[in-house]
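*Asks:* no sequence on this one, just coordinates:
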């Protein structure tokens, strides 16, 4: 090298890769010394090394690589640094099938770019999916040709993965909203446009989804605009502060009118990654029923308190040991006579006169024991208005429990004796009405008290629901009686007790063990409502329950049936339809439209438009079916359809008519099924049956069909009737065979026919004697026969197929042959040849006396043959003999036969097959003829030929050596010639570009001619190189689909094909063992030749056909008859050529047309011929002027 790499300006800088590029010895690569690099390559290397983005250059045909620091991480540790200076095809071998064709396009001048292109790369010891924004740009040399490829790459793997993750996150977010069990939606923008709303939210709003989605919420629901909601949303969107509200009153449209609803809802801002607010997520739960129910409970409690306070009988409540008066109505206050200011005071202080009258002890005992105290007509002395007076009371002391079941007080009720009976009656009637109301309620009702859910009461409906008796249920904790429901309802009851919020359950599954039976799941609608005391404490829960098991199970069965029906419809590929008879409204499924029209995309066709697809001849069938359906209630018919492509299809339509209350047809529901395949199959069966019967009737072999267990003669062909049965068809048709031929029963044939029909097994025999009664009495025949079972399409046995062949003549002829055999064997003893005879399989039958006299043995099998045939001749003789036995060809072989004295003599063995009248081999007859004298002469002649052959082989080796030297010379010379050519082209281009104004027109013309001559010279050198490679490169054959090679050539010649509007038709393809790159060159040259010599005014049409067959079927004398070849025929409609040039066109430098009209070097077809020969094949050409050319290639199949 004249310089070091550090001295070149274009290799300066570039960081680590710049250092590695400068340190590399490029003279050992295909790029060579950097001093000789093309100027364009030097310029692009400078650009690459000083660019921060990933860049690399693939230069030359081998795509030798240079790359910068930005590209190095893309290669990874497994490829860098060894990738520098080697071929891209090696570095990116795992994806070369992707980028290889791209490189080819770029070398043809086409720039390529892809954003976020996925490439599987192995750059860190494992294959991973990587994404890149990349571009492939051609780098042109000074002569305008593409010398290399500039690849600019920006890795976007992380960006792509982030985008996909964000997309997946958004999808999950949307799915969570749509599948949420509560109402949810998303508002976007300051106008609060409804972007997403799930089913629950749409139902809550009371509108159709299409009337609200993608619209501002207050435009879609104008009823809500003047309420407070708009301000709330605006504030959340503006501030980002979450808003939560419970039981808010909202007026919403329901069933055509505005209703008051109560909603628990949350508004929460949606923020983008940059922190900006883009929308609001809304979550809502309607609690209208709970709010209204609670209002009723509060109202009820107020009514109860008012009832107590206004009760006409005395009521008071004493709390604690101090007996503090918590509640006392006006009646008892008036009865006490101590004034109105008694609430909150101790009962002992208010009525001290009761101290010795056991009342305080009775109250204390109730507080301590929880046992109520009742008394009637009890006298008590009370100080009223300063006077001690005796009054008679009926009074009760009842313990009161808190939510924990602890007694916190005593309720005192009483009446004055005078009013006792009246008050008692009123109470009894009131209590009776209340209990009757509860008892007769159609829903289950129970009251639970305290934290252990003590059952205070339960009506009969409730007891039936839970399967319990009142005595075993009331007065006990709920879970003692119903332990099986604890897991289901305990948490719900606790929630009601703790929060005071009613709980409403719909169709809740609950396990119940009713009346001791096994546990079952029942479904209930229920309401748990808290019972509150006057002080607000929750003391219990009132439970109302409705058994909806039957409704739920019925709905589930309906849903299951619908699901099963849909599965059946989908699986059977049925189309469904519904026709309203009165309104003519017609609905149908997508599968229906696919069956009727052949196109499932048009779902807006009317009923009349669909009927137009019916075949005109079948309209009457449909009309008749509809008319009958309105009478019978069911419709069924088969008809033909005409699709848009004019193809005919068959359908089967079925359905049911539904009638209104006046028994008039109201609607039809039905299905359609495509039965085209069934119809075609049925037609094929009928045609097959017809062909079978015609075949039987026309067969020269006697045949008959017997049907059923009675063996009825269904048909018998002419050959059978005329030659064997000697009957007319009318005499046997439809009759039992044993009625026509009773003599068969006395022979074996009757038994055999019955056995075949019973077992279904074929029975056949050869040369079987049979006796048939005829006009001339009983006649004897010899027959070959077969009785075969006749099966229907469902494999059921329906009869017997009978085949009979009269072989009487053959049997009698064989007997004559056997007599002739005796005469033949006598003849063999009178001739000098050694005569032998075998059966059709080669087993010895006979050897003449001369044979035994010469060999001393009788041939029996292989061992005897081995003992008399020379060991060196045995294998070849056995091979030829086996071939003759297999093919029936003449057996001929020269072997040395051992005499009984031990010496060997040469004999010619000849054997021919003996055929019967059906051309079947029945035996072989052969003879050994002594050729010892002739063989000695032949041996001497072969010796002389061998010596001459040795001389020819030596001359051939010398010739091959000279040929290799010549090829090497051509290869080296063509490479060395390209360097001065490049300089000539470069300098000529520079003179034209820079000195053009100093040249005369003649000078410019001569420079142009010089450039054209240099270009032709370069083309010639490249063709010489291609021709040289066909002889020198290693030949590795691979099994290849020729269609793939043809498609690759079409891609390579894409621009030329488009320019000439040419077509390439692959009529037939095949697979063949070839040298792929050579065969690609062969196809390329032939297609290029057709394009080059096309007619200017006619688009080129190239047809390629491949076929594999044996040589004798190709009508080409140059082929071996029994050898398999691949025949490739390429024809075009070009200018053609005269037949006298059929062989000349394959010679090197031969041109049939002037260079002025058709460019080229005259080497292309010579290369094609050489490649065909490299594949042990050959090529021929045919043509006529102005009628195109045809090339035939024959390649042996290996």
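*Replies:* Structure's in. What do you need? Bear in mind that the values here come from a model prediction, so they are computed numbers and not experimental data. Numbering: from 1, shown residues only.

*Asks:* next up, the contacts around residue 11.
*Replies:* 5, 18, 21-22, 34, 45, 49 (Cβ atoms under 8 Å, 6 or more residues apart in numbering). For every residue, glycine as well, the C-beta is placed using N, CA and C.

*Asks:* do the same with residue 723
*Replies:* 702, 806.

*Asks:* any idea how far residue 783 is from it?
*Replies:* 10 Å (Cβ to Cβ, to the nearest Å).

*Asks:* likewise residue 930?
*Replies:* 47 Å.

*Asks:* looking at those two, which has the bigger crowd around it?
*Replies:* Neighbours around residue 930 and residue 783, counted as other Cβ atoms under 10 Å, are more numerous at residue 783. The numbers are 21 against 16.

*Asks:* and that one, that's in a helix?
*Replies:* No: when DSSP: H, G, I helix; E, B strand; the rest coil is applied, residue 783 is found to be strand, with no helix at that position.

*Asks:* sorry, back to before: between residue 723 and residue 783, which contacts overlap?
*Replies:* residue 806.

*Asks:* what ranges do the helices span in the stretch 251-400 of the chain?
*Replies:* 288-309, 330-336, 347-350, 359-369 (DSSP state H, counting those that start in this stretch).

*Asks:* same question for the stretch 801-950 of the chain.
*Replies:* Counting by DSSP H, counting those that start in this stretch, the helices of the stretch 801-950 of the chain are 808-828, 849-855, 862-868, 871-887, 932-995.

*Asks:* how about the stretch 651-800 of the chain?
*Replies:* 676-698, 718-720, 729-732, 737-740, 743-746, 748-759.

*Asks:* avg pLDDT for the first one?
*Replies:* The predicted model assigns helix 676-698 a mean pLDDT of 70.

*Asks:* least confident secondary structure element in this structure?
*Replies:* Within the chain, no helix or strand scores below helix 420-439, which has a mean of 53 by mean pLDDT, DSSP states H and E.

*Asks:* immediately after that one, which helix or strand?
*Replies:* On the C-terminal side of helix 420-439, the nearest following helix or strand under DSSP states H and E is strand 444-449.

*Asks:* quickly run through the sheet partners of that next one, with directions.
*Replies:* Strand 444-449 sits in its sheet next to strand 454-458 (antiparallel), strand 538-547 (antiparallel), going by DSSP bridges.

*Asks:* quick one: mean pLDDT for the longest one?
*Replies:* For strand 538-547, mean pLDDT is 89.

*Asks:* phi first, then psi, for residue 273.
*Replies:* phi -60, psi -30 (degrees, to the nearest 10).

*Asks:* how many neighbours does it have?
*Replies:* Neighbours of residue 273 under the rule other Cβ under 10 Å: 6.

*Asks:* report how many residues lie close to residue 876.
*Replies:* Neighbours around residue 876, by other Cβ under 10 Å: 13.

*Asks:* which residues are in contact with it?
*Replies:* residue 893.

*Asks:* how does it look with 6 Å?
*Replies:* Listed by Cβ atoms under 6 Å, 6 or more residues apart in numbering, residue 876 has no contact partners.

*Asks:* does residue 49 really touch residue 16, like I thought?
*Replies:* No: using Cβ atoms under 6 Å, residue 49 makes no contact with residue 16, being 10.6 Å away.

*Asks:* the more surrounded of these two?
*Replies:* residue 49 (22 against 11).

*Asks:* which phi and psi does that one have?
*Replies:* phi -70, psi -20.

*Asks:* domain-wise, how is the protein divided?
*Replies:* 5-155, 163-286, 297-429, 441-569, 572-680, 699-806, 819-930, 1033-1196 (automatic domain parsing).

*Asks:* how far off centre is the longest one?
*Replies:* The one in question is domain 1033-1196. Domain 1033-1196 has its average C-alpha position 41 Å from the chain's average C-alpha position, going by Cα atoms, centre = their mean, to the nearest Å.

*Asks:* where's residue 207, which helix or strand?
*Replies:* Per DSSP H and E, there is no helix or strand for residue 207.

*Asks:* for it, give me phi and psi.
*Replies:* phi -130, psi 170.

*Asks:* any figure for the gap between it and residue 217?
*Replies:* 11 Å.

*Asks:* tell me which residues of stretch 217-234 are tucked away?
*Replies:* 217-218, 220-221, 223-224, 227, 229, 232-233 (16 or more other Cβ atoms under 10 Å).

*Asks:* farthest-separated two in these?
*Replies:* Farthest-apart pair in these is 220 and 232; separation 17.1 Å (Cβ to Cβ).

*Asks:* residue 510 is in contact with residue 548, correct?
*Replies:* No: in this structure, residue 548 is not within contact of residue 510 by Cβ under 6 Å, at 11.0 Å.

*Asks:* quick one: which of these two has more around it?
*Replies:* A direct count of neighbours by other Cβ under 10 Å for residue 548 and residue 510 places residue 510 higher, at 22 against 18.

*Asks:* residue ranges with poor pLDDT in the stretch 251-400 of the chain?
*Replies:* 293, 297-312 (pLDDT under 70).

*Asks:* all helices for the stretch 1-150 of the chain, in order.
*Replies:* Counting by DSSP H, counting those that start in this stretch, the helices of the stretch 1-150 of the chain are 15-23, 39-49, 72-75, 88-91, 96-107.

*Asks:* so what's residue 741 closest to, chain neighbours aside?
*Replies:* In this structure, residue 741 finds its nearest non-sequential neighbour in residue 772, 7.0 Å apart by Cβ to Cβ, 6 or more residues apart in numbering.

*Asks:* picking that back up, any chance of the contacts of residue 11 in TSV, with pLDDT and distance to residue 1062 too?
*Replies:* Formatted as TSV, the contacts of residue 11 follow (pLDDT from 0 to 100; distance: Cβ to Cβ, whole Å):
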residue	pLDDT	distance to residue 1062
5	69	48
18	89	48
21	89	44
22	91	49
34	90	43
45	88	40
49	86	44
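
*Asks:* quick check on these: which are buried?
*Replies:* By 16+ other Cβ under 10 Å, these give 5, 18, 21-22, 34, 45, 49 as buried.

*Asks:* Throw the residues you listed into CSV and include distance to residue 378, thanks.
*Replies:* What follows is the buried ones among the contacts of residue 11, written out as CSV (distance: Cβ to Cβ, whole Å):
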residue, distance to residue 378
5, 128
18, 119
21, 121
22, 124
34, 129
45, 122
49, 118
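
*Asks:* look up how far residue 490 lies from residue 505.
*Replies:* 14 Å.

*Asks:* the more surrounded of the two?
*Replies:* The neighbour comparison of residue 505 against residue 490 (other Cβ under 10 Å) goes to residue 505, with 17 against 13.

*Asks:* which helix or strand contains the spatially closest residue to that one that is not a sequence neighbour?
*Replies:* Once flanking residues are discounted, residue 505 sits nearest to residue 526: 4.9 Å by Cβ to Cβ, 6+ apart. When elements are assigned from DSSP H and E, residue 526 belongs to strand 520-532.

*Asks:* each with direction, which strands does that strand pair with?
*Replies:* Counting by DSSP bridges, strand 520-532 is paired with strand 503-512 (antiparallel), strand 538-547 (antiparallel).

*Asks:* how many neighbours does the closest residue to residue 70 other than its chain neighbours have?
*Replies:* Distances taken as Cβ to Cβ, 6+ apart place residue 54 nearest to residue 70, at 3.9 Å, with adjacent residues excluded. Residue 54: 22 surrounding residues under other Cβ under 10 Å.

*Asks:* bridging residues for residue 54?
*Replies:* residue 153.

*Asks:* touching, it and residue 72? I think so.
*Replies:* No: at 8.0 Å, residue 54 does not count as touching residue 72 under the criterion of Cβ under 6 Å.

*Asks:* and residue 649, what are its phi and psi?
*Replies:* Dihedral angles (degrees, to the nearest 10) for residue 649: phi -140, psi 150.

*Asks:* spit out the contact partners of it.
*Replies:* Applying Cβ under 6 Å, 6+ apart to residue 649 gives the contacts 641, 676.
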